[in-house]
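[1] whatever this is, show me its structure:
(2 chains)
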Amino acid sequence: MSISVRWGRHAAALFAAAVLFLMGRPTQAAPGEQFVPLATYRVGAYASSGIPVWAGIIDYLRYINEVEGGINGVKLVWQECETEWTAEKGIECYERFKNGLNGAPVGPYLPNGAPAAYALSDKATADKIPLITLGYGRTEATDGSVFPYNFPLMLTFYSEASVFINYVAQKEGGFDKLKGKKIATVYHDSAYGRETQGPLALLAKKYGFENIQIPVADPGNEQSAQWRQVRQARPDWVFLRTWGVSTPVAIKTAARFGYPVNRIVGDIWASSNEDVLPTGEAGKGYLALTPYPGGADFDIHHRLKKHILDAGKSDLKDPKSFGSVYYNSGLIDGAIVVEALRAGQKKFGQRPLSGDEARWGLEHLQLDDARLRQIGFYGLMQRLSLSCSDHEGGGAARVQQWDGRQWNLVTDWVQADRATLRPLIDAKAAAYAKEKGITPRDCRKDS
Amino acid sequence: MSASLHVFPSPPLVAPVELVVSRRRHAWVWLGLALVLASLPWWVSTYWINAILIPTLVLSLAGLGLNLLTGYTGQTSVGAAGFMAVGAFATYGLLLRVPPLPLPLALLGGGVIAAGVGWLFGLPSGRIKGFYLMVTTLASQFFLEWLFVKFPWFYNNASSGTISAPRLQWGGWDLSGPGGRYGLTLACVALLTWAAANLVRSQTGRNWMAVRDMDTAAAVIGIPVERVKRQAFAVSSFYLGIAGALWAFAYLGTASASSFDINRSFQILFIIIIGGMGSLAGNFIGAAFISLLPIALSAAGQWLLGGAVDPGQIQNLQKILFGVLIIGFLIREPDGLARLLTLWRERLAVWPLRF
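    Modelled structure (predicted):
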């Protein structure tokens, strides 16, 4: 072997060692700060929805740091990691972040994307880091005794179905009027789209309406067949559970087939400005359920405008997105993280919290109207009351209507009938516990 | 290794000696490599194990599976991820529905079921080839993806359509920690790589290569071409099936049909193109390249630019750089990184002289 070969190998080994050192190097401690990791998707298929969300979160964290001086004096630091909404990159980001940043620990973690949320479920449980999945995630994780570190906050897909039926009952003049009505669900034919079939079947049996299910194959950019079926069935209401491009196509096709759009109620993922802007005239009057309504006139918006936007500190690239559904969902994400940490600090002291301490905070999070008014979220965010056995907390949504330019709220919070659905959730959670060999924790002992 | 070997045609009497020496040295290299790989969990962080080593190993195995079919037998396939999905869902089904089955047997069963499905989708290869065969594998990709969304039985009627590993354990060992999952992956990959190395050197492998190089000639000398092609599909799918199961259970911890979409198939195809068609080491090099480079670039971007540049822009920049590198490699060295590394090694051996 010649000398040069040996040198070549030495150089390669040195290079490898340097890379290892750089990527795995321990970081210096900076006590007194709380790390909020941001698993973002600023590129990829869903970037247009993601960008306003991150602006909402970052603007709110900045507001907490600069105007309120942090959470009880604990400043927040954050860093982004691009996931492109995939599970693989989501795992990479989580592994990069889970040990904190420069000594600042991670509290709650927002996986931001269903694939990553599912992939991280077991890992986060092992690492004792609570995952917040707002408006998505496993419905059965509502049962905190089986899923201690999963928080499908505010509105699971089951509750969403129930809110829809309750809204229809409201409009029809009572639950007894539902008997004999035809209610169709046009859904994205995927796991997400099928998730409401169980609860809707149960509610159809309870109230006696006819439950029609019409699937739309991904991506759903041609729906004539589906809406011809709708026209033939003549349903009284249509629940639209589409996603991405299939939403505007559904609205436009419905209009083309003469089905009134003010009888179509979109779900969480069919309720944003981006879903209706491409529909033009056809979308006027379209209704949608949302746990984070659009609008820039809530109290928190006035505060942000004064301290962040007008001061030129906003993360928003396009100021028109201020108050859009996605921006507001980012604000709510930020508020939940902050309030959970604040709740945890009541027990553990005014210092940065670990993941497990943040979980305690989340399980004791109580946001009543008074508190929502204080933080400026009254009307934008629903009342939340979480506990060990209830990781959803709210289960309500508001109905908004598109007028061609913006969303207008047409109802107050419509509450889901969670008591009726709970047995379904408990059965699913029990099946999961059995499959994975988990012994559920005893929530009565938890304090 | 002597320089003269490259300057003059090697004398026939010298070659066997060279071979014996290099074999012996190879054994030491392999032993060292095995020791280093096996001891990694004790000296690298869990970030490295969970986010880099496990996915790279699994992708190498998937690349190996596809390479047996495409690189060694010459049957182009863009349905690799579909067979991975079969392996993942089959292993899950076996673990769930046949409780006493130990983990290694469930994995093996998943591989065998994937091999059966691969054999089935390999049937058209007897009649059509090249571009048209590629289209049938594309159809298998979409069919399998649809299958695992459409029928909730495959994912045990879970409302979310995802599967997750029932406890990873074997005997008394709990393999659900980073070390355990890494060990499981490494053992599978090492075993299957060893098997593949022997397979391609055996009569089977020679048949494959004969079919790849010229199937008419292969048929003339008495190789049953159709059977060999189907066999390659089955063996390739066996490897892909095991890789799929490891991807779902050892890496992601969960999976749905969308974890094995067409992009994954392309990713595996790129691994063997970049790494080297018809090369075993190429799969590992290609997988390392494709999974390490984006992370290294993103870390370098974070480190050099701090928070100054929008992370979305860094990601886009990285995509551009990645594409340029791939094109560059393909122009400079169509035989892949494996060949490029061999060339470099040979050049280094005679440096600073030229040859």
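
[2] what's the neighbour count on A:Gly379?
    Here the number of neighbours of A:Gly379 (other C-beta atoms under 10 Å in any protein chain shown) works out to 19. All C-beta atoms are positioned from the backbone trio N, CA, C, and that covers glycine.

[3] quick one, what contacts the residue in the stretch 251-400 of chain A positioned nearest to chain B?
    As assessed by C-beta to the nearest C-beta, chain B sits closest to A:Lys317 within the stretch 251-400 of chain A, at 8.8 Å. By C-beta atoms under 8 Å, 6 or more residues apart in numbering or on different chains, A:Lys317 lies in contact with A:Ile51, A:Ala55.

[4] just the pLDDT for it.
    pLDDT recorded at A:Lys317 is 85.

[5] likewise for A:Pro111?
    Note on A:Pro111: pLDDT of 94.

[6] repeat for B:Val309
    68.

[7] near chain A, which residues of the stretch 51-200 of chain B show up?
    Contact residues, the stretch 51-200 of chain B versus chain A (C-beta under 8 Å from any C-beta of the partner chain): B:51-52, B:55, B:96, B:149, B:152, B:156, B:158-162, B:164, B:166-167, B:176-177.

[8] what ranges do the helices span in the stretch 151-300 of chain B?
    In the stretch 151-300 of chain B, the helices defined using DSSP state H, counting those that start in this stretch lie at B:178-201, B:203-213, B:215-220, B:225-246, B:262-275, B:280-305.

[9] where does the residue of the stretch 251-400 of chain A closest to chain B fall, helix, sheet strand or coil?
    coil (DSSP: H, G, I helix; E, B strand; the rest coil).

[10] do the same with A:Val238
    The assignment at A:Val238 comes out as strand when based on three-state DSSP.

[11] what's opposite it in the beta bridge?
    Judged by DSSP bridges, the bridge partners of A:Val238 are A:Ala184, A:Ile264.

[12] okay, now it: neighbour count?
    A:Val238 sits with 26 neighbouring residues when counted by other C-beta under 10 Å.

[13] look up which helix or strand A:Asp218 falls in, please.
    Per DSSP states H and E: A:Asp218 is located in neither a helix nor a strand.

[14] the chain: strands as residue ranges?
    With no chain named, the answer covers chain A. A:33-40, A:75-82, A:131-132, A:150-151, A:182-188, A:210-216, A:237-241, A:264-266, A:287-290, A:366-367, A:384-385, A:396-402, A:407-409, A:414-415 (DSSP state E).

[15] wait, chain B
    For chain B, the strands defined by DSSP E occupy B:163-164, B:169-170, B:173-174, B:254-255.

[16] which strands and helices sit next to the last one?
    Spelled out, it's strand B:254-255. helix A:114-127, strand B:163-164 (3 or more C-beta pairs under 8 Å, 6 or more residues apart in numbering or on different chains; DSSP states H and E).

[17] list the strands paired with it, with their directions.
    Sheet pairing of strand B:254-255 (DSSP bridges) gives strand B:163-164 (antiparallel).

[18] same question for the third one.
    Within its sheet, strand B:173-174 is paired with strand B:169-170 (antiparallel), according to DSSP bridges.

[19] run through who's touching the strand it pairs with.
    With contact meaning C-beta under 8 Å, 6+ apart, strand B:169-170 is reached by B:Pro102, B:Leu103, B:Pro104, B:Leu175, B:Ser176.

[20] make it 10 Å
    A:Gly437, B:Pro102, B:Leu103, B:Pro104, B:Leu105, B:Ala106, B:Leu107, B:Leu175, B:Ser176, B:Gly180, B:Leu184 (C-beta atoms under 10 Å, 6 or more residues apart in numbering or on different chains).

[21] generate a PyMOL selection restricted to the buried entries among the residues of the stretch 51-200 of chain B next to chain A.
    To isolate the buried subset of these in PyMOL, counting by 16 or more other C-beta atoms under 10 Å in any protein chain shown, use the following:
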select buried, chain B and resi 51+52+55+96+149+156+158+159+160+161+162+164+166+176
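
[22] which positions in stretch B:284-298 come out as buried?
    Going by 16+ other C-beta under 10 Å, stretch B:284-298 has these buried residues: B:284-291, B:293-295, B:297-298.

[23] now for those: which two are most distant?
    B:Phe284 and B:Ser298 (21.9 Å; C-beta to C-beta).

[24] list the contacts of the residue in the stretch 151-300 of chain B that chain A sits nearest to.
    At 2.6 Å from chain A, B:Gly161 is the closest residue in the stretch 151-300 of chain B, using C-beta to the nearest C-beta. Going by C-beta under 10 Å, 6+ apart, B:Gly161 touches A:114, A:118, A:190-195, B:148-149, B:152, B:154-155, B:256-258.

[25] tell me the pLDDT of it.
    Looking at B:Gly161, its pLDDT stands at 78.

[26] tally of neighbours for the closest residue to it other than its chain neighbours?
    Excluding its sequence neighbours, the residue lying closest to B:Gly161 (C-beta to C-beta, 6 or more residues apart in numbering or on different chains) is A:Ala191, at 2.6 Å. Other residues near A:Ala191 come to 20 when the count uses other C-beta under 10 Å.
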